[in-house]
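Asker: Could you look at this predicted model? Sequence included:
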Amino acid sequence: MRRKRYQNGSLQVVSTHGKRKMWILQYRDGGSKKYHTIGLFSKMSKSEAQQQQAEFMKEVNARTATAPDPNVTFGDFLEGTALPFLRSKWKGSTRDTTENRIRHHLLGEFGKEKLTSLALKRLQEFLTSKAAMLSKSVVAHLRWDLRAIFRLAVAEGYIQRDPTPALFTPKEAKVGVKRVMNRKEAQQHINALPLRERVIDHLALFIGMRPGEILALQRRHVAQDCGELSIEQRLYRGDIDDPKTSLSKRTVGIPSQTAKELREWMELVPKQPEAWVFASENSLKPLWRDNVWYRHMKPKLKTVGLEWANFQVLRRTHASLGHEAKVDPKTAADQRGHGIGVALDVYTQSSIEARRGAAEMLEQSVLSGEKPEAAEAESKAQENRSEAA
């Protein structure tokens, strides 16, 4: 706890450049020496100047008595101010992952250091050291964490300047390989699973639903003909929560084969509106993602060599194969429940065949003088021949 310090200030008579004498009050505010002009020496007695001095210093002391401690450590600020505030706006999944990351990396590194001593060089050196051992995504998240913490420190008056806007994710940070399935692998993925898991696979692969959205479905969310679904909630570690973002609360269209599989499964689901579509063994709670993946899906997929194609891969595959099939990007993004920029930049990956086809199209249009439409047709034919082979 910061010790409250009260001061009277120092009343002085000072000659200005115009040779006029003034009553000047010298005092400290936030560790800095400051001056306050009270009035003309010739127009004010000492007792009057002292009275104004007392009134002014009363305001200064009231302000500094509640001022943040300039010697607070990063750890104390994090535990006492930053985390309680940030938790109030985080969803459950964000809270768990982000707080664990902040505690493990940031608190462990800076916990005992004074918040005011953490300058740009020190913070950037930290990110550079992390880039040598962590993925680019994790390092980028640590940079965002630091920005959120230091912005709050400025807003609360603990620091005067925020060094974090100049931070950058080092180029040395490792970029992980984000795998997707091709069409043949997607078919194998589906065919390896029994009915319940196959329906889950269809919803993830052809609609792009998140696992938490799939497992939070209740009968009331499914249209009678299984032609559409209302996504109003999600499941995270056994708890029902709101969808991840405002765009995630949506209605999605179900393609015909997926609707057929879903109708077959819905015959086995209790008829009550609140019944879970994918219930646990006791039927009172929904399945957990890890349980359905590790116990029921991954062992089956291992037999066909696709145990690496988890829910994240399914979501990326949905975006990538949809892009190759020329599905409208906005429609696909609306189905998945996020913005079109995220759809193209994060989830969509073009195959080597598509890249080769694009290069072939450009080459033919330039060298042979063909129209782009003819070049595209030839490129498509070549891609089909490659797949058949």
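Answerer: Sure, I can see it.
Asker: so where do the strands sit in the chain?
Answerer: All strands of the chain, identified by DSSP state E, fall at 10-15, 21-29, 32-40, 228-231, 234-236, 239-241, 250-253.
Asker: Let me have those in JSON lines, extended by mean neighbour count and distance to Val72.
Answerer: Just so you know, the C-beta spots here come from the backbone N, C-alpha and C atoms, and that holds for glycine as well. Converted to JSON lines, those look like this (neighbours: other CB atoms under 10 Å; distance: least, CB to CB, whole Å):
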{"stretch": "strand 10-15", "mean neighbour count": "13", "distance to Val72": "28"}
{"stretch": "strand 21-29", "mean neighbour count": "17", "distance to Val72": "18"}
{"stretch": "strand 32-40", "mean neighbour count": "12", "distance to Val72": "18"}
{"stretch": "strand 228-231", "mean neighbour count": "18", "distance to Val72": "43"}
{"stretch": "strand 234-236", "mean neighbour count": "23", "distance to Val72": "33"}
{"stretch": "strand 239-241", "mean neighbour count": "14", "distance to Val72": "33"}
{"stretch": "strand 250-253", "mean neighbour count": "15", "distance to Val72": "44"}
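Asker: right, and these - which one's nearest Ala173?
Answerer: Among these, the nearest to Ala173 by CB to CB is strand 234-236 (27.6 Å).
Asker: what sits up against the closest one?
Answerer: Residues from elsewhere that reach strand 234-236, judged by CB atoms under 8 Å, 6 or more residues apart in numbering: 91-93, 210, 212-213, 215-216, 240-244, 248, 286, 288-289.
Asker: next one: stretch 27-42
Answerer: Contacts of stretch 27-42 (CB under 8 Å, 6+ apart): 7, 9-11, 13, 20-26, 44, 49, 52-53, 56-57, 60, 63-64, 67, 70.
Asker: Repeat the analysis, applying 10 Å as the threshold.
Answerer: The contact list for stretch 27-42 (CB atoms under 10 Å, 6 or more residues apart in numbering) reads 5, 7-16, 20-26, 44, 48-53, 56-57, 60-61, 63-64, 67-68, 70, 157, 160.
Asker: how does the chain divide into domains?
Answerer: Domains of the chain are assigned by automatic domain parsing as 10-65, 74-166, 183-309, 352-388.
Asker: how about CSV for those domains, with distance to Val177 and mean pLDDT added?
Answerer: Converted to CSV, those look like this (distance: least, CB to CB, whole Å; pLDDT from 0 to 100):
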stretch, distance to Val177, mean pLDDT
domain 10-65, 50, 82
domain 74-166, 10, 91
domain 183-309, 10, 91
domain 352-388, 14, 57
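Asker: Asp334 is nearest to which of the ones you listed?
Answerer: Closest of the domains of the chain to Asp334 is domain 183-309, at 6.7 Å (criterion: CB to CB).
Asker: sorry, back to before: in CSV: the strands of the chain, plus distance to Leu127.
Answerer: Shown next, in CSV, are those (distance: least, CB to CB, whole Å):
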stretch, distance to Leu127
strand 10-15, 45
strand 21-29, 34
strand 32-40, 31
strand 228-231, 36
strand 234-236, 29
strand 239-241, 31
strand 250-253, 36
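Asker: Quick one: closest of the domains of the chain to Pro329.
Answerer: Proximity to Pro329 (CB to CB) singles out domain 183-309 among the domains of the chain, at 12.2 Å.
Asker: Please report the distance of Arg336 from Met22.
Answerer: Remark: distance between Arg336 and Met22 (CB to CB, to the nearest Å) = 69 Å.
Asker: ah, wrong one, I meant Leu229
Answerer: Relative to Met22, Leu229 is positioned 77 Å away (CB to CB).
Asker: same deal with Ser129?
Answerer: As judged by CB to CB, Ser129 and Met22 stand 54 Å apart.
Asker: Kindly report the same for Lys43.
Answerer: Taken as CB to CB, the spacing of Lys43 relative to Met22 amounts to 10 Å.
Asker: same thing with Glu109?
Answerer: Distance, Glu109 to Met22, using CB to CB: 50 Å.
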